[in-house]
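A.B. asks: Fold the following, please.
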Amino acid sequence: KKVTRGKPVPAEMSSKRDEVMATMQALRDEAAPLLTLLSDASLVASLRSERCFNLHHLQEHHSVTVDHVRALGKHAKFTFDCGDYASAAGLLGSFRLLTPNADEAFSAQWGKLASEILQGSWDVALEDLGTLKDSIESRSSSSPPEMVLQQRAWLMHWALFLFGNHTSGRQLVGDLLLSDRYLNAIQTCCPHLLRYAAVAVVTNPRRRHLVKELVRAIAMERPVYADPVTCFLDDLYTSADFDQAQAGLATCAALINADFFLSNAEADFVSHARLHIFESYCRIHERIDLTSLAAKLGMPRLAAEKWIVTMVADAQLNARIDEQSGQVILGVQPLDVYQQVIEKTKGLAFRSYVLAQNLQQKEQQAIMQQGEAH
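C.D. replies: Numbering: from 1, shown residues only. Presented below is the predicted three-dimensional model:
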């Protein structure tokens, strides 16, 4: 009715609808015994709690056959194609648990994730994302490497829907993008996802320790892919070009605002990006002119001074503002505890390996000397 706007429905559309409804009814009839069982929510809940919701048990006690399960899979897919995503999610979840075919169960996981995303069930979608990730990794040893790479790439692209819609999406999806295997997949076949990894890291102070690894990947992929967000991090941390980084902030804001998956992150990114500029600038200066720093932050001098006071207090920096000289005076910044642990243990594995090798060589030499003495 919305398409035709009050005009008579075309005959071919009515015919198509009748055809779809007939197909839907035929699929329901094929899976009728199983659909009847699934309609009893209390029975299904009881079977699941007793860990009896499986094909073997249903065959013995409820006359469900493999053909019924196959018909359920067809019905679930057709329901998804018709746009009834709530029903499709439930049917695909049941089909995944009942089908004896591992590949069909894996495909059903993708369908269920898509259904939850399309109906905006973000909490359930996040759970499905984690389950699907585990399935991909568990199948990686028996699947061709190029297929595993493709599946990881697909998973990251589907995860973008949660990036701005789930309350913890930016953090959790960022962790996925920056895990070793998935960052490798990004560099191999989808470097455009570096933009989302960059936004996740910049806007989350708790992920500050991942900046170094991310910047390394961005620098490597810059000849292949670059956008204002990735260039901002590369200019700031690789080239230490503060002017260029600041000049690119406005372009970053425009890009993020235009990006479907990032449109709610613009203000958050700009404020945190200024903090990155401020902290990086502070590391290499003992005295900073307020007027110069305000220009690099892209803020009026008075607003920049208030912002700096807040940042110094929040970040507990060893710094103060000298009103007479109009400068920020910085003391030596001690490494945070996390960074100290990293620095102390950076070469621990290598030193342990060398020590073990030396002990083994001494042991072999002692055995050889004993042999020569005899």
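
A.B. asks: all strands of the protein, in order?
C.D. replies: For the chain, the strands defined by DSSP state E cover 287-289, 319-322, 327-330.

A.B. asks: Listing partners with orientation, what would you give for the last one?
C.D. replies: Put plainly, it is strand 327-330. The pairing partners recorded for strand 327-330 under DSSP bridges are strand 287-289 (antiparallel), strand 319-322 (antiparallel).

A.B. asks: Averaged pLDDT, stretch 117-126. What do you get?
C.D. replies: Averaged across stretch 117-126, pLDDT comes to 95.

A.B. asks: got the buried residues for it?
C.D. replies: Within stretch 117-126, the residues scored as buried using 16 or more other Cβ atoms under 10 Å are 117, 118, 119, 121, 122, 124, 125, 126. In this view, the C-beta of every residue, glycine as well, is placed from N, C-alpha and C.

A.B. asks: Residue 190 versus the residue nearest the centre of the chain, what's the distance?
C.D. replies: Most central in the chain under Cα atoms, centre = their mean is residue 173, positioned 2.2 Å from the mean C-alpha point. Residue 173 sits 14 Å away from residue 190, going by Cβ to Cβ, to the nearest Å.

A.B. asks: Same check on residue 104?
C.D. replies: Separation of residue 104 from residue 190 (Cβ to Cβ): 27 Å.

A.B. asks: For the two, work out which one has more neighbours and name it.
C.D. replies: residue 190 (17 against 14; other Cβ atoms under 10 Å).

A.B. asks: Confidence-wise, which of the strands paired with strand 327-330 is weakest overall?
C.D. replies: The minimum mean pLDDT among those belongs to strand 319-322 (a mean of 68).

A.B. asks: which other residues reach stretch 132-150?
C.D. replies: Residues from elsewhere that reach stretch 132-150, judged by Cβ atoms under 8 Å, 6 or more residues apart in numbering: 106, 109, 110, 113, 151, 152, 155, 176, 181, 185, 188, 189.

A.B. asks: from these, which single one is nearest residue 267?
C.D. replies: Nearest to residue 267, judged by Cβ to Cβ, of these is residue 176 at 24.0 Å.

A.B. asks: and that closest one, what does it touch?
C.D. replies: Residue 176 neighbours (Cβ under 8 Å, 6+ apart): 129, 133, 155, 156, 159, 182.

A.B. asks: how much space between residue 155 and residue 176?
C.D. replies: Taking Cβ to Cβ as the measure, residue 155 falls 8 Å from residue 176.

A.B. asks: Quick check: neighbours shared by those two?
C.D. replies: With Cβ under 8 Å, 6+ apart as the test, residue 155 and residue 176 both reach 129, 133, 182.

A.B. asks: before we move on, the earlier item: output the strands paired with strand 327-330 in a markdown table; the columns should cover distance to residue 261 and mean neighbour count.
C.D. replies: Listed next are the strands paired with strand 327-330 as a markdown table, based on distance: least, Cβ to Cβ, whole Å; neighbours: other Cβ atoms under 10 Å:
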| stretch | distance to residue 261 | mean neighbour count |
| --- | --- | --- |
| strand 287-289 | 36 | 15 |
| strand 319-322 | 36 | 14 |
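
A.B. asks: now the ones you listed as a markdown table including distance to residue 30?
C.D. replies: Output for these, formatted as a markdown table (distance: least, Cβ to Cβ, whole Å):
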| stretch | distance to residue 30 |
| --- | --- |
| strand 287-289 | 74 |
| strand 319-322 | 72 |
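
A.B. asks: Which among these is found nearest to residue 74?
C.D. replies: So among the strands paired with strand 327-330, strand 319-322 is nearest, using Cβ to Cβ, at 66.2 Å.

A.B. asks: what's the neighbour count on residue 96?
C.D. replies: So residue 96, with other Cβ under 10 Å, has 20 neighbours.

A.B. asks: show me the contacts for the closest residue to it other than its chain neighbours.
C.D. replies: Leaving out its chain neighbours, the residue that sits closest to residue 96 by Cβ to Cβ, 6 or more residues apart in numbering is residue 108, at 4.0 Å. By Cβ under 8 Å, 6+ apart, residue 108 lies in contact with 73, 76, 92, 93, 95, 96, 99.

A.B. asks: nearest to residue 355, of the residues you listed?
C.D. replies: For the contacts of residue 108, the nearest to residue 355 is residue 96 (49.5 Å; Cβ to Cβ).

A.B. asks: Show me where the stretch 1-150 of the chain has its helices.
C.D. replies: Here the stretch 1-150 of the chain has its helices, by DSSP state H, counting those that start in this stretch, at 11-30, 32-38, 41-49, 55-61, 66-81, 85-98, 102-118, 122-138, 145-163.

A.B. asks: Mind listing what's buried along the fifth one?
C.D. replies: By that I understand helix 66-81. 68, 69, 70, 71, 72, 73, 75, 76, 77, 78, 79, 80.

A.B. asks: same check, this time on the third one
C.D. replies: Residues of helix 41-49 classed as buried under the neighbour-count rule (16+ other Cβ under 10 Å) are residue 47.

A.B. asks: quick one: the residue nearest to the centre of the chain from residue 132, how far?
C.D. replies: Separation of residue 173 from residue 132 (Cβ to Cβ) stands at 13 Å.
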